[in-house]
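Trainee: mind looking at a prediction? Sequence and model below.
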Amino acid sequence: MNLIKKIGYFLGSIWFTFFLLFTTALVVIIGTILESHTESHLYASSFTYSHFFFNALLWGFFVNILISALRRYPFKFRHLPFLITHLGLLMILGGQLIKHRYGLQGVMKVIEGSGSNRVLIPDTFALQIEETNGRIGYLELSKNHAFKIADFHPHSKEIKKAWIKDQFAYIFGLNPIPVTTSATTPTLFKDSNGVIWHVYAIKTDQVKETAENVYLKHLKVNSNAKSELFFNYTEEGFKNPCLLCQETIALQGPTALLNASKIDISNQPTLLLIDDLNQNVHFFAYDQFGHVFSQKFTEDLPSVIAYNDGFAGYGTQFSLPAYFHINRTNKIEKRSARFLKELSQVPVEDLSIPLQIFSKAAEAIQGDFTTLFLEFLQNEANLSPKLQQLFTHIELPEKALYWMSTLISQSEGKLLNYLKEKNWPLLHLFEGVESEEEALHLLLKQMLAISDQLPDVGEIDPADLPHYYSIYLKAHGIDWNTILAHMEDDATHSPLTLEGPLHFSYEPLPPLQKLEDNVPMLTLLLPNSQKITLPYERDGDGLKHPIFNGNARLRFQPVVKNIPFRVRLREARTIYNPNSSSPHSYEADLYISDKEEQIEKTISMNNVYETVTGYRFYLSHIAQKEGDIRKVHLAVNYDPAKYLLTYPGGILITLGVIWLLWFNPYKRN
Amino acid sequence: MIFVLLFLLTSCHSQEEVKPSTLYQNINGRDIGKAPYIKEPLYRVKVPTNWIRKDLTEEFSNLDTTLPNVEFLIQEDEHVIRIVVHNFPRKTENSIPPKDQILRWKNQFSSIEPNQMLVIPQAFSGFSGQYMEATGMMNEKMVTLYGWALELSKIHFSSLMVKNKFKHQEMKEDHVTQLTADVTIKAVGSPLLMKKYKKEIYDFAHSFELIDEIPSPL
């Protein structure tokens, strides 16, 4: 009994108070140092505020204050301020302990137009299970009995790999393709357009060389002239791959295969998957006409396909461009037809001046303007009799064009430099002009403006008129190669699209000191003996992985708690400082409803909303993309004891202290 | 002295602008073209109480999208501002992009005052698109136009089209088609009057939303 009395006396003594104060201060100092050193609040609190020892200190304070108050029994009136103060302290401590146990601090994410009543509790662990009927459930890991935890690592790295996994390449619809170290035996498959593809899967770090060799292996050029391939494949993909044979023939893009020398290329339709031994897969496609196309699949995939909303897994896609499987002749035919159609739909008065002139001349000879114009563009060096007739009726600014032609031929393709060398009198008007096309256009305008003052040229040879007209067109940016290059191809048939599964693997890593940056990894053994490894999705919005043969999906994420309020977001906005792009404030228009009513509220950075029952909503973050809807992060805080204990406790302490200090009830008269 | 100062400070008052109050009103969607032409409430918007509302009754169909879902008028003397809301139900992800709607409005002007045209992206209530403001000649009159051309954001469109997001709710296809419809809000009137009511019209447009909360994609 003596011992109990002694212990009780100590627990209520000033010495115990000093010990508690000193220890708490020490813990807080340690926490501050740790946090500033590691930049991790989580790390610091794991040793201090979240540690059971700190909780024990709080209980220590509670006991100390309670016993020190009870020791005054039997109470007298002069004890009242002391008791009131101590009661206030106990209420505050009690409020904190209740908040710690029953309170809530988390994040709610809402998108404009939709709502939520779910709060994510950071740095907690749970499994979200979604069934195919849309039902979603949460299982806190600490209370999990459904799945056996086979493995857990505090930090890991997720590796997403497309197409190739271990020794095989996987494309939906085909048998697994064995991965080799060189392009020896292909796997063949016929697509829906009847094209037979040769598919290779190779593991090598010599990506460019391998791809180039495969392309060269079956390349044929229908020209006796020497040809040289410039494959130009880099880490960022193809950079203007071309074949040099009399002229440069592009192998990729809208201008691919087009050449004035009418050279055609052929090759074997090939699909080539190369694993570069660095977790990347380079996917190449070559068609029967020599086109090339590639796409690099890295860990950062720009998009992922979800099959059956993710219940059947995830995949990725490789699509060939529309210009594949169209040969050179077909391209020119199709683009010419499209050009004719588009030109015929433009009213004459909306055409540029050179075209209006041509149209007038065509009308004079009762010819079809669009057909004759296209004919001229495609073959201006070799005019048909009809075109020759047209040029006898065409009204051109001949003097201006004559002198332009002279200047252009003397400049040898470098007009700007030539004008500068010759101190062209109107050179100051060329300031800021960088391209030859712009210079040509500006020079034409000047020539037309001063054409009366230009030296006389005598009789113009009619045979030169087509050449002058060509210059006139070029000065207006009208050139057949340019027109062709800007026209896209419509696919003659559906371009080939291949899909393959995404493979996920995980690599445990040493945990980081900044705990907030750790990505824990969890391996579960499911009741059907399936093993599944899941990364921790800290924001609660990563991919969910299929389990139970696609009947459910699973995600490892923070615990989610439902609150008794539904929050709907109408609009979130940034308010900028006047005449500035720096933000002044952020606001969100919310509807907050419970079972009884709905209220409309605008919250902002310094304007929080608190419900009657003590739920507080703070606007903590707006994720926004210009012109698109916004996602808002609301910090949600709930302290169940705030109005019952914490605030009244504070009032009591204030009253008690004022009474003690002002009225000094212990003062002896 | 303190009391005198306090008295002086608190005795000043500024005449407060009397703003009309606003009330939530529902806007119907479109009927399916068969009598009776029932139009279900689809949207809600905050409307100043002094605006005049005009709706098509059940005797008439508004299946034709050239007809507005609702029309509001602000009348002051002989000047009127006309505010119309249209929706354009669609069954696929393909729709007329907002910028094409803007172009159509631009082409309704025979001429636009220099530096009096503004087109900026806007997003609210789950819709995203463009806002246009222009002053110029239209039908031989000088007018100002404030217009919003909006489409349901892709993430919401996908969410509404995926059945299991409904969670035990089964929505009819017609209703989903209405929910995913593109929307335009257009106000046209004389420049002076439009300037006076600009904030009201802007607040009206920004309060526009679907009555039902869109299922969250998160």
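Mentor: Alright, I've got the coordinates.

Trainee: for chain A, give the residue positioned nearest to chain B.
Mentor: Using C-beta to the nearest C-beta, the closest approach of chain A to chain B is made by A:G113 at 1.9 Å. Bear in mind the C-beta positions are built from the backbone N, C-alpha and C, glycine included.

Trainee: let me know the pLDDT of that residue.
Mentor: As predicted, A:G113 sits at a pLDDT of 92.

Trainee: so who does the closest residue in space to it that isn't next to it in sequence touch?
Mentor: Spatial nearest neighbour of A:G113, excluding adjacent residues (C-beta to C-beta, 6 or more residues apart in numbering or on different chains): B:G126 at 1.9 Å. B:G126 is in contact with A:I111, A:E112, A:G113, A:S114, A:I629, B:L152, B:S153, B:H156, B:E209, B:L210, B:I214, counting by C-beta atoms under 8 Å, 6 or more residues apart in numbering or on different chains.

Trainee: ok, now with 7 Å
Mentor: B:G126 makes contacts with A:E112, A:G113, A:S114, A:I629, B:L152, B:S153, B:H156, B:L210, B:I214, as judged by C-beta atoms under 7 Å, 6 or more residues apart in numbering or on different chains.

Trainee: again with A:M91
Mentor: A:M91 touches A:L645, A:P648, A:G649, A:L652, counting by C-beta under 7 Å, 6+ apart.

Trainee: could you do A:E600 as well?
Mentor: A:Y591.

Trainee: is it correct that it falls within a helix?
Mentor: No: applying DSSP: H, G, I helix; E, B strand; the rest coil, one finds A:E600 to be strand, outside a helix.

Trainee: and the next helix or strand past the lengthiest helix in chain A?
Mentor: If you go by DSSP state H, chain A has its longest helix at helix A:14-38. Counting by DSSP states H and E, the next helix or strand C-terminal to helix A:14-38 is helix A:41-47.

Trainee: regarding the chain, what is its longest strand?
Mentor: Picked chain A for this. Ranked by residue count, the top strand of chain A under DSSP state E comes out as strand A:552-576.

Trainee: please go with chain B instead
Mentor: Assigned via DSSP E, chain B shows its longest strand as strand B:111-124.

Trainee: quick check, central residue of the chain?
Mentor: If you meant another chain, say so; for now it's chain A. A:P302 (6.7 Å; C-alpha atoms, centre = their mean).

Trainee: should've been chain B
Mentor: Using C-alpha atoms, centre = their mean, the most central residue of chain B is B:I185, at 3.6 Å.

Trainee: give me every residue that touches that one.
Mentor: Counting by C-beta under 7 Å, 6+ apart, B:I185 has contacts B:V85, B:G147, B:W148, B:A205, B:F208.

Trainee: are any of those buried, and which?
Mentor: When the contacts of B:I185 are checked for burial by 16 or more other C-beta atoms under 10 Å in any protein chain shown, the buried set is B:V85, B:G147, B:W148, B:A205, B:F208.

Trainee: tell me which residues touch A:L448, please.
Mentor: A:P397, A:A400.

Trainee: output the strand or helix carrying it as CSV, nothing but the C-alphas.
Mentor: Taking DSSP H and E as the criterion, A:L448 maps to helix A:436-449. Provided in CSV are the C-alpha atoms of helix A:436-449 (Å, rounded to 0.1, in the frame of the first residue of the first chain):
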residue,chain,number,x,y,z
GLU,A,436,13.9,31.5,-100.0
GLU,A,437,10.2,31.1,-100.6
GLU,A,438,9.4,34.2,-98.6
ALA,A,439,12.0,36.1,-100.5
LEU,A,440,10.6,35.0,-103.8
HIS,A,441,7.2,36.1,-102.8
LEU,A,442,8.4,39.5,-101.6
LEU,A,443,10.5,40.0,-104.7
LEU,A,444,7.5,39.3,-106.9
LYS,A,445,5.4,41.9,-105.1
GLN,A,446,8.2,44.5,-105.6
MET,A,447,8.6,43.6,-109.3
LEU,A,448,4.9,43.9,-109.9
ALA,A,449,4.8,47.2,-108.1
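
Trainee: following it, which helix or strand comes up?
Mentor: Assigned by DSSP H and E, the successor of helix A:436-449 is helix A:465-475.

Trainee: can you give me the helices in chain B?
Mentor: Counting by DSSP H, the helices of chain B are B:2-11, B:98-108, B:154-161, B:173-179, B:191-196, B:198-206.

Trainee: let me have the contacts of B:I185 in a markdown table, extended by pLDDT.
Mentor: Below are these laid out as a markdown table (pLDDT from 0 to 100):
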| residue | pLDDT |
| --- | --- |
| B:V85 | 96 |
| B:G147 | 96 |
| B:W148 | 97 |
| B:A205 | 96 |
| B:F208 | 96 |
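
Trainee: okay, and which of those map to strands?
Mentor: B:V85, B:G147, B:W148.

Trainee: for these, which one is nearest B:K195?
Mentor: Nearest to B:K195 among the ones in strands among the contacts of B:I185, counting by C-beta to C-beta, is B:G147 at 15.7 Å.

Trainee: contact residues of the stretch 201-350 of chain A facing chain B?
Mentor: A:D309 (C-beta under 7 Å from any C-beta of the partner chain).

Trainee: same question but for chain A, I mixed them up
Mentor: A:109, A:111-116, A:132-134, A:309, A:541, A:568, A:570-571, A:626-630.

Trainee: so which of these belong to helices?
Mentor: Per DSSP H, the residues of chain A next to chain B never map to helices.

Trainee: buried only: go through the residues you listed for me.
Mentor: By 16+ other C-beta under 10 Å, the residues of chain A next to chain B give A:109, A:111-116, A:134, A:309, A:568, A:570-571, A:629-630 as buried.

Trainee: bridging residues for the residue nearest to the centre of chain B?
Mentor: Judged by DSSP bridges, the bridge partners of B:I185 are B:V85, B:W148.

Trainee: same question for A:K561.
Mentor: In beta-bridge terms (that is, DSSP bridges), A:K561 pairs with A:V119.
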